[in-house]
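Asks: Sequence first, then the predicted structure, then my questions.
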Amino acid sequence: MAGSAGRQAGAVAAGILLSRLLGFVRERVFAHYFGNGPAADAFRAALKIPNLLRNLLGEGTLSGSFIPVYARLLARGDEQGARLAAGAVASLLALVAAVGTAAGMLLAPLITDVVAPGFHGATRDLTVTLVTILFPMSGLTILSAWCLGVLNSHGRFFLSYAAPAAWNAVQIATLIAFGLSLSGARLAVALAWGAVLGSALQLLWQLPSAWRLTRGIAWSVSLTGPGVRDVVRGFGPMVFGAGVAQISGIVDTQLASLLTAGAVASLGYAQLLANLPVALFGVSIAAAALPELSRDAAGPGLDALRERLAQGARRVTFFVVPTALALGALGTPLVATLYQTGAFGREDTRLVAGVLAGYALGLPGQASVKLLASGFYAQSDTRSPVRAAALALVLSAACAGLLMRWLGPAGIALGASVGAWANTTLHLEGLHRTLGPILGRPERRLLGVSVLAAAIATVVSLGIAWLMRTVPPAATTAVILPAFATVYLSIGVGAGHPDAARLVGAARARLSRGSRS
C-alpha cells in the first residue's frame, strides 16, 4: 500500500516538477522584460482574476467531488455507470464554464475595480484589457481539470500534472519571440494571448487519453445518471470552499494594490517559489491518496483511512518543513538567482525575498491541509473543510491588513501564513472527532526529527552563504542547496526517519545501477 502510494505521489511530483521548472524559466524571462513595474502588476492582477473561475470549478473542487464518486463506481466494476457519470460532469462543466467566461469578459472593468481598487489610469486600463483576453483561458483549464479527474482515477498521474508545461512553454516562446520588438503594455497583451493558446494546448495534451479511458464522452446534462447527484451535491460546498480560498487571494491582491507600485507583482514572484513545495509534495501526496482514501472509506473502513492519512502527513512534513526553512532563511540568493536580470534589480530581490519569508512560515500548514481535506472528501464530507477555510480566511485577512502597515507586502504574506496554520489546526481537530488522532506519538516524534534536522541544515547553509557573500548569487545557491539536502538527509537517516532512509536508499540503488551499466 505504501509503495503504491509512494509511486503514485512520485508520478504526480514528477509531472508537477516538469511544469514548475518551465514555470521558473517563464518567470525569469517575465522578470527580465517586466521587472516589478506597472505592466507586471497589471498582468499579475489580470491573471489572478480569471483564475478565480478556474479554481472555483477546476482541479481542486472537481477532484474532491468527482474522483471519490468515479473511483467508487470503477471499484465496483460499474464501468458504464462511471462513463455516464464522467460524461454528465463534463457536460455540466462545459456549460457553466462557457457562461462564466462570457460573463467575465463582459464584466472585466467592474471585476478589475473590485479586485485591484488601487489601480488607476493606464495600469487599470491595461488590466481590463488583459482580463478580457485571459478569461477564455479559465474555461479551457476547467475542462483540463475534468481530464485530470478521469486520468487520476485510472492511476494515470504524470500526464495530467505535466500538462501545464504546455501553458508555460507557449508563454516562454511568446516572450522570446516578441520581447525584442514589444515592451510594456503591448508585450503584456501578446503574453495574454500566449497564455490562452497555452491553455488550449494543455487541454489537448490530456484529452485523447481521457477520451480513450471513458470510451468517448457521453454528453448529457441530466442529473439522473449513476453518481451524478452525488457529484453535484458535493460540488456545491466544494465550490464555496474554493471560493473562500480564492477570496483570500483576491483580498491579498486588493491590499497589495493599495501599496506602492510593484507590490502586486512581488506577491506573484514570491508565490511561484512558495507554491513549489506545496505543489510538489502537498498536492502530489494528496492527489495520489484521494482515490485510495475513497476506496478505504468504502471498503476497509476508518482505521485504514486514518493510517493512510498518517502516512501522507508524515511524508508531507518530511519534505515541506526543510523546504520552508530553506526558502525563509536563504531567500535572497534564491530570488537573485532566479529573477535578478534585466529590469529586475537588487531592490526588487530584497522586496521579494521578504515576501517569500512571510509565505515560508505557513508552508507546512498550507501543504498539509490539502491532504487533510482529502480525508473529509473521502468520507463524503465536503462541508467541514469549507467551515475551516472560512474561519481561516477571516483571520488571514485581519492579520494581513494589520501587518501590511509595517511590513508592506511581506505583511500580507505573513497574514496568509497565519491563516494557513489556523486552517490546518481546524482540519486536524475535525478529523480527530471522526477518525481519532491522526498524529500519534510516532508521527510527532518523526515531525520533531524533521524540524531539528532542517534547523541544523539551515544554520550550516547560512554559514556557507556568509562565507560566499562576495560571490555571485547563482554560485552561492549551487553550493548551499546540496549542502542543505546532505545535512538534512544525513540527520534524518541517523535518527531513523523512514522517508529519509527510503530516499537515500533509492538514490544509492539508482547510482549502483548506473555504475553497472
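Replies: Arrived safely.
Asks: can you list contacts of the helix or strand where Gly401 lies?
Replies: Per DSSP states H and E, Gly401 falls inside helix 384-407. Applying C-beta atoms under 8 Å, 6 or more residues apart in numbering, the external contacts of helix 384-407 come out as 237-238, 240-241, 244-245, 247-248, 251-252, 255-256, 259, 354, 358, 373, 376-377, 410-412, 414-416, 418-420, 422-423, 426-427, 430. For the C-beta atoms, the positions are set from N, CA and C on the backbone; glycine is no exception.
Asks: Work out which residue lies at the spatial centre of this structure.
Replies: Geometric centre of the chain, nearest residue: Ala279, 4.5 Å, by C-alpha atoms, centre = their mean.
Asks: Which residue ranges of the stretch 301-450 of the chain form helices?
Replies: 302-329, 331-339, 346-360, 363-378, 384-407, 409-435, 441-467 (DSSP state H, counting those that start in this stretch).
Asks: Can you check what angle separates the shortest one from helix 441-467?
Replies: This points to helix 331-339. Per axes from the mean of the first three to the mean of the last three C-alpha atoms, to 10 degrees, the angle that helix 331-339 makes with helix 441-467 is 80 degrees.
Asks: State the mean pLDDT of helix 331-339.
Replies: What helix 331-339 shows for mean pLDDT is 87.
Asks: what angle separates it from helix 302-329?
Replies: Relative orientation of helix 331-339 and helix 302-329, computed by the same axes, to 10 degrees: 90 degrees.
Asks: other SSEs contacting helix 331-339?
Replies: Judged by 3 or more C-beta pairs under 8 Å, 6 or more residues apart in numbering; DSSP states H and E, helix 331-339 is in contact with helix 2-34, helix 263-277, helix 346-360, helix 473-494.
Asks: can I get the CA coordinates of that helix in CSV?
Replies: Taking C-alpha atoms only, helix 331-339 is exported to CSV below (Å, rounded to 0.1, in the frame of the first residue of the first chain):
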residue,chain,number,x,y,z
GLY,A,331,15.5,33.6,0.1
THR,A,332,17.8,36.3,-1.0
PRO,A,333,20.3,34.2,-3.0
LEU,A,334,17.5,32.1,-4.4
VAL,A,335,15.4,35.1,-5.6
ALA,A,336,18.5,36.7,-7.0
THR,A,337,19.4,33.5,-8.9
LEU,A,338,16.0,33.1,-10.4
TYR,A,339,14.8,36.7,-11.1
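Asks: And it, what's buried?
Replies: Residues of helix 331-339 classed as buried: 331-339 (neighbour count, 16 or more other C-beta atoms under 10 Å).
Asks: ok, back up a step: how much space between the closest residue to the residue nearest to the centre of the chain other than its chain neighbours and Leu148?
Replies: Spatial nearest neighbour of Ala279, chain neighbours left out: Ile16 (4.8 Å); criterion: C-beta to C-beta, 6 or more residues apart in numbering. Going from Ile16 to Leu148 by C-beta to C-beta, to the nearest Å gives 12 Å.
Asks: Likewise for Ala509?
Replies: The spacing between Ala509 and Leu148, counted by C-beta to C-beta, is 31 Å.
Asks: out of these two, which sits in the busier spot?
Replies: Leu148 (26 against 10; other C-beta atoms under 10 Å).
Asks: and the more buried one, what element?
Replies: helix 121-153.
Asks: Can you get me a residue count around the closest residue to Leu140 other than its chain neighbours?
Replies: The spatially closest residue to Leu140, leaving aside those adjacent along the chain, is Ser199, at 4.0 Å (C-beta to C-beta, 6+ apart). As a burial measure, Ser199 scores 27 neighbours (other C-beta under 10 Å).
Asks: in what helix or strand does Ser199 lie?
Replies: Per DSSP H and E, the secondary structure element for Ser199 is helix 184-213.
Asks: In that helix, which residues are buried?
Replies: For helix 184-213, burial by neighbour count (16+ other C-beta under 10 Å) applies to 184-185, 187-200, 202-203, 205-207, 209-210, 213.
Asks: and it, average pLDDT?
Replies: 90.
Asks: okay, and the common contacts of Ile16 and Leu148?
Replies: Taking C-beta under 8 Å, 6+ apart as the contact rule, Ile16 and Leu148 both touch Tyr161.
Asks: pretty sure Ser302 is touching Leu435, no?
Replies: Heads up, residue 302 is Leu, not Ser. Yes: if you go by C-beta atoms under 8 Å, Leu302 and Leu435 touch, sitting 5.5 Å apart.
Asks: Just want to know which of these two has more residues nearby.
Replies: Each of Leu302 and Leu435 has its neighbours counted (other C-beta under 10 Å); Leu435 has more, 18 against 13.
Asks: which residue packs closest to that one, ignoring adjacent ones?
Replies: Per C-beta to C-beta, 6+ apart, closest to Leu435 is Arg306, 4.5 Å.
Asks: cool, and Tyr70?
Replies: Tyr70 sits nearest to Ser153 (C-beta to C-beta, 6+ apart), 4.8 Å away.
Asks: Check Ala343 too.
Replies: Per C-beta to C-beta, 6+ apart, closest to Ala343 is Gly35, 2.9 Å.
Asks: What about the one you found, how many residues nearby?
Replies: Neighbour count for Gly35, taken as other C-beta under 10 Å: 19.
Asks: start the count at 39, not 1, going forward
Replies: Yes, from this point I'll number from 39; that puts the last item at Gly73.
Asks: which phi and psi does it have?
Replies: Dihedral pair for Gly73: phi 60, psi -140, per degrees, to the nearest 10.
Asks: Likewise for Ala381?
Replies: Dihedral angles (degrees, to the nearest 10) for Ala381: phi -80, psi -10.
Asks: Am I right that it is in contact with Pro76?
Replies: No: counting by C-beta under 8 Å, Ala381 stays clear of Pro76, with 11.6 Å between them.
Asks: Comparing those two, which residue is more hemmed in?
Replies: Pro76 (23 against 15).
Asks: give the contact list for the more buried one.
Replies: Contacts for Pro76 (C-beta under 8 Å, 6+ apart) come out as 160-161, 164, 299.
Asks: Write the PyMOL selection for whichever of those are buried.
Replies: Here is the PyMOL selection string for the buried members of the contacts of Pro76, based on 16+ other C-beta under 10 Å:
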select buried, resi 161+164
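Asks: Report the two members of the contacts of Pro76 separated by the largest distance.
Replies: Using C-beta to C-beta, the contacts of Pro76 span at most 13.0 Å, a distance reached by Leu164 and Ala299.
Asks: just for the stretch 189-338 of the chain, where's the confidence low?
Replies: The stretch 189-338 of the chain contains residues with pLDDT under 70 at 260-261, 263-266, 269-284, 320-322, 324-338.
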